[in-house]
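Trainee: the following block contains a protein sequence and its predicted model.
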Amino acid sequence: MRAEGEPPVESGAMSDDAADRGDPARDEVSSRILTVPNLLSFVRLALVPVFLVFLLNGQDIAALLVLVFSSLTDFLDGWLARRLHQVTRLGQLLDPAADRLYIIATLLGLAIREVVPWWFVAVIVSRDVMLVVLGVILANRGYGPLPVHHLGKFATFCLFYALPLIVLGQAFPHLQSIAGPVGWAFALWGAFLYWWAGIVYAAETMRVATNQPGESHPVSDNVDR
């Protein structure tokens with residue numbers, strides 16, 4: 001899976017083939033819905049409840065297989081979007097949404113099974129709730145989401161590795177002595193970075209929101225989503 005909802009491909013990004021040929025054609029963000037990458041994203045979203053059911057029932061190997069398949073489709077839809085020039089606004093929303101849903105589903109499933117403590121779930125979920133509130137503040141000021149920050153991407157990267165490792169330790173008990181500690185190391189570091197990025201995002205949101213009407217307020221590129 002991509003970390004923190006991998007930043008959308010910019011409309012001015014030239015494809016590899018176009019760059020090699022010196023072709024001026026560039027990818028553009030469209031409003032299309034039915035594209036191959038979007039269909040793959042819908043499949044990923046549809047598999048979230050399937051993954052959660054497997055996890056809750058202790059079918060950890062099946063849950064891991066769903067995660068692996070979802071990770072592959074996550075990579076594939078991004079690659080196809082660029083190669084087929086099918087980068088869409090919907091796709092830019094679906095990908096990070098699917099990433100967050102998998103994180104939340106994993107946390108809830110493991111917490112219900114008492115594999116991870118509920119306080120850890122609260123730490124991760126409360127940060128996302130904060131981002132929703134800040135997004136409403138931005139929208140009320142006429143702004144869209146602020147750009148993705150590498151700190152937030154790395155935080156989500158840590159969580160995406162941490163949670164499957166913890167599941168791996170449950171699926172294969174003989175690996176627990178390695179997968180468990182490594183998974184928790186990634187999880188705690190990811191949670192710290194997750195909130196650090198969230199605080200940076202909050203500070204940037206407040207800076208933008210307190211600008212007076214008519215002022216110039218450039219959007220910073222050092223925030224996470």
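Mentor: Arrived safely, thanks for sending.
Trainee: in what helix or strand does Gln86 lie?
Mentor: Taking DSSP states H and E as the definition, one finds Gln86 inside no helix or strand.
Trainee: that one and Trp79 touch, don't they?
Mentor: No: applying CB atoms under 8 Å, one finds Gln86 not in contact with Trp79, separated by 10.9 Å. (Glycine included, C-beta is placed from N, CA and C.)
Trainee: looking at these two, which is more packed in?
Mentor: More crowded of Gln86 and Trp79, by other CB atoms under 10 Å: Gln86, with 18 against 11.
Trainee: against His85, how distant is the closest residue to that one other than its chain neighbours?
Mentor: With sequence-adjacent residues excluded and distances taken as CB to CB, 6 or more residues apart in numbering, Gln86 is closest to Thr35, at 4.2 Å. Going from Thr35 to His85 by CB to CB, to the nearest Å gives 10 Å.
Trainee: would you mind telling me which of these two has the busier surroundings?
Mentor: Remark: of Thr35 and His85, Thr35 carries more neighbours, 20 against 16, as counted by other CB under 10 Å.
Trainee: in the protein, which spans are strands?
Mentor: For the chain, applying DSSP state E gives no strands.
Trainee: shaky segments in it?
Mentor: 1-27, 145-148, 212-225 (pLDDT under 70).
Trainee: out of all of them, which helix in the protein is the longest?
Mentor: The residue-count maximum for a helix in the chain (DSSP state H) belongs to helix 176-209.
Trainee: buried set for it?
Mentor: With burial defined by 16 or more other CB atoms under 10 Å, the residues of helix 176-209 counted as buried are 179-180, 182-184, 186-187, 190-191, 193-198, 200-202, 204-205, 208.
Trainee: tell me what that helix is packed against?
Mentor: helix 118-140, helix 150-171 (3 or more CB pairs under 8 Å, 6 or more residues apart in numbering; DSSP states H and E).
Trainee: angle of the last one against helix 176-209?
Mentor: Meaning helix 150-171. Helix 150-171 runs at 150 degrees relative to helix 176-209, counting by axes from the mean of the first three to the mean of the last three CA atoms, to 10 degrees.
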